[in-house]
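predicted model and sequence follow; I will ask about them next.
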Amino acid sequence: MTRRAEILVVALATVVPLTTAVPASATTLSNKVVSRLVIGRSVEGRPIRAVQKGNPDAARTVVVIGQMHGDERAGVRTARFVIRHVRVSSDTDLWVIPTMNPDGLAHDTRQNARGVDLNRNWPMNWRPGHRGATYPGRRAASEPETRAMLAFLAKVQPRFLTSIHQPFGEVGKDKDKPIHFQRRLARGLRLPLRRIDIGGPTMISHEPGLQPGGADNGPTLTGWYNAHYPGTAITVEFTRHPGQRYVTAVAGRGIVHASWGDR
Ligand SMILES: [Zn+2]
């Protein structure tokens, strides 16, 4: 090893924080990609890709969605870092989706190619709305990107799902789900854990256990998933301008290591 490489290794060892969570002792860690899938296509025909790491036979499935809003780009880099560099425990079946809105990513727009805010298009408490930043589409699950994710999540049913956004700098708390994963996530990402309110009209819930208003009752991915499946889906909001090291090593490891736990 060259002197320069040695210094780099030492520097990395110094700056990368020790995580508080560790996988169970019988498990092993691997950086191998197990499979790559195209789970659907966007309005303009771009593939929505999912990359699998860890152990496909593990009881615990974890999903990381790097991006839903095409102009919130930091989480795509986090997802790519996880795919390339983060070792995954053999008790975890990890799926990483760098973007579920490849058209928005290509055009640098929040919405998909039809102007729909995909995080208002989920089939729970959906209601019509005007065109604009949070246009919910013509009906619930009207968009191919939403339907691709619905089918994928129904199939893999993750124990933990993280959906990355920007710019509010917080981890969205869901009071109806076990708090442990949410706390590990907030700690790993160095962000406050608090309830996110998506605003907009107050929604009347006909489903037990849900309160009117708030992200946990809107037609969002995490609201829909939490209402329909036993697993925990959490919205993460990075800040507006997170640094390079934050979106890669800190957030990539923080999200994966937060899944080392049963609840
Ligand atoms: Zn967003």
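Received it, and whenever you're ready, just let me know what you need.

pLDDT (mean, whole number) over stretch 232-248?
Regarding stretch 232-248, the rounded mean pLDDT is 97.

run the chain-centre distance for that stretch.
10 Å (C-alpha atoms, centre = their mean, to the nearest Å).

just stretch 183-197 next, same as before
On C-alpha atoms, centre = their mean, the centre of stretch 183-197 falls 13 Å from the chain's centre.

make 17 the first number, not 1, from now on.
Sure thing, new numbering starts at 17, so read that last one as stretch 199-213.

can I get the CA coordinates of it in CSV?
Provided in CSV are the C-alpha atoms of stretch 199-213 (Å, rounded to 0.1, in the frame of the first residue of the first chain):
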residue,chain,number,x,y,z
ARG,A,199,-35.1,6.1,16.2
ARG,A,200,-32.2,4.2,14.7
LEU,A,201,-32.8,5.8,11.3
ALA,A,202,-32.9,9.3,12.8
ARG,A,203,-29.7,8.7,14.8
GLY,A,204,-27.9,7.2,11.8
LEU,A,205,-29.0,10.1,9.6
ARG,A,206,-28.3,12.7,12.3
LEU,A,207,-31.8,14.2,11.7
PRO,A,208,-34.6,15.0,14.1
LEU,A,209,-37.5,12.5,14.3
ARG,A,210,-40.8,14.4,14.0
ARG,A,211,-44.2,14.1,12.5
ILE,A,212,-44.4,15.4,8.9
ASP,A,213,-47.5,17.2,7.8
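
quick check: mean pLDDT across that stretch?
Here the average pLDDT along stretch 199-213 is 93.
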